[in-house]
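J.: prediction below, plus the sequence it came from.
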Amino acid sequence: MTEYISLAHGNGGRLMRELIESVIAPELGDVLLDIQNDAATLDDIPEDQQLMITTDGFTVKPLEFPGGNIGSLAVHGTINDLAVSGARPLYLSLNMFIEEGFEVETLRRILKSLRSAALDANVKIACGDTKVVPRGEGSGVYFATTGVGVRSQTLQLGFEHIQDGDAILVSGPVGDHGIAVMLAREQFGLRGDVRSDAASVLPFTQSLESLSGLRFMRDPTRGGLATVLNEIMQISGYGIEVYAEKIPVRDPVKAVCEMLGYDPMYLACEGRVVAVVAADQAETALAKWQDRSKSKQASIIGHIKGSLQHVVLQTELGGQRILEELEDDPLPRIC
């Protein structure tokens, strides 16, 4: 196997077969199913559950950052979309778009990380595809994934279930992923020890599934917490009130945001959950999340308010601020 990817590795011939057999298959190992056929059979589908599917793409830059890389991010990002929908992830498809000249050793590291994340989530790579694009057209490697999972037919989640007075919770500090990726780029001459929060959120979502008052869950990725809150407001028709002192943000993230003018409310997370829960079950939900979180920083951050028409942030100084819908992208290519 050569040290770098060539265009011939995507031509469907000998070099592509060698790439799959000597790099991709060995690194993915026991999470990769049959690589000889063009389609896979999905066996572990219980008849009494709903089949759920999601799709995602990953173009993060840089490819490797504190707390993860594009490989683990692809797994976590895809299974988290299933998890917040109440599903148990079972299978992924994996499409790789590799740039000519990409270092094979870097590809190996990324695939090792992807495999580890899939193993931890008990997810199999059912099928995939590999393409190579000319030098200068691919930023190393892009991933496109599809996730398949199952959900109990009795579990009903969605915007339509949200009610006036419901509590809003977040499972941990926000903004870590966005700042970790930004610092890894070294664009502003800054360095720090902020690590991405990229991880599976299954422990958090599954811990709430027994609550009859669980209304809705979402992972605050692109656009961050403020974007999820605006989405809830727009689709449910209810206003929202949240409290700045209740929203967990790590001190290093605050410091970078203050220096560069970022707002942590709009920065991406890759291992957090926002949940809407009936008010009388909010403390129970919080206790479950505190038990799951090493940092113990899950928090009840606000409530659904039918009397409001916006997402309103109560500031620590006693004022109010409307959290508008995101217009520009403060940090492109963070996932």
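T.: Cool, got the structure.

J.: helices of this structure, start to end?
T.: Taking DSSP state H as the test, the helices found in the chain are 14-19, 25-28, 70-83, 104-120, 176-185, 202-208, 224-236, 251-260, 282-292.

J.: residue 231 contacts residue 216, correct?
T.: No: using Cβ atoms under 8 Å, residue 231 is not in contact with residue 216; the gap is 10.0 Å. Yep, even glycine has a C-beta here, placed from its N, CA and C like the rest.

J.: neighbour count for these two, which is higher?
T.: Legend: neighbour count by other Cβ atoms under 10 Å for residue 231 and residue 216, higher for residue 216 (23 against 17).

J.: check what pLDDT the more buried one gets.
T.: On pLDDT, residue 216 comes in at 98.

J.: now do residue 1
T.: On pLDDT, residue 1 comes in at 66.

J.: got the buried residues for stretch 209-221?
T.: For stretch 209-221, burial by neighbour count (16 or more other Cβ atoms under 10 Å) applies to 211, 213, 214, 215, 216, 217, 218, 219, 220, 221.

J.: can you measure across stretch 309-327, start residue to end residue?
T.: Stretch 309-327 stretches 19 Å from its first residue to its last (Cα to Cα, to the nearest Å).

J.: off-centre distance for it?
T.: Distance of stretch 309-327 from its chain centroid, counting by Cα atoms, centre = their mean, to the nearest Å, is 25 Å.

J.: quick one: buried residues of that stretch?
T.: Across stretch 309-327, burial judged by 16+ other Cβ under 10 Å covers 310, 311, 312, 313, 314, 323, 326.

J.: out of these, the closest to residue 166 would be?
T.: Ranked by distance to residue 166 (Cβ to Cβ), these are led by residue 311 at 14.3 Å.

J.: if I pick residue 161, what's in contact with it?
T.: Applying Cβ atoms under 8 Å, 6 or more residues apart in numbering to residue 161 gives the contacts 215, 216.

J.: quick check, pLDDT for it.
T.: Model confidence at residue 161, expressed as pLDDT, equals 97.

J.: so how far is residue 215 from it?
T.: 4 Å (Cβ to Cβ, to the nearest Å).

J.: before we move on, what about residue 204?
T.: Going from residue 204 to residue 215 by Cβ to Cβ gives 15 Å.

J.: same question for residue 251.
T.: Using Cβ to Cβ, residue 251 is found at 32 Å from residue 215.

J.: for residue 264, same thing?
T.: From residue 264 to residue 215 the distance is 25 Å (Cβ to Cβ).
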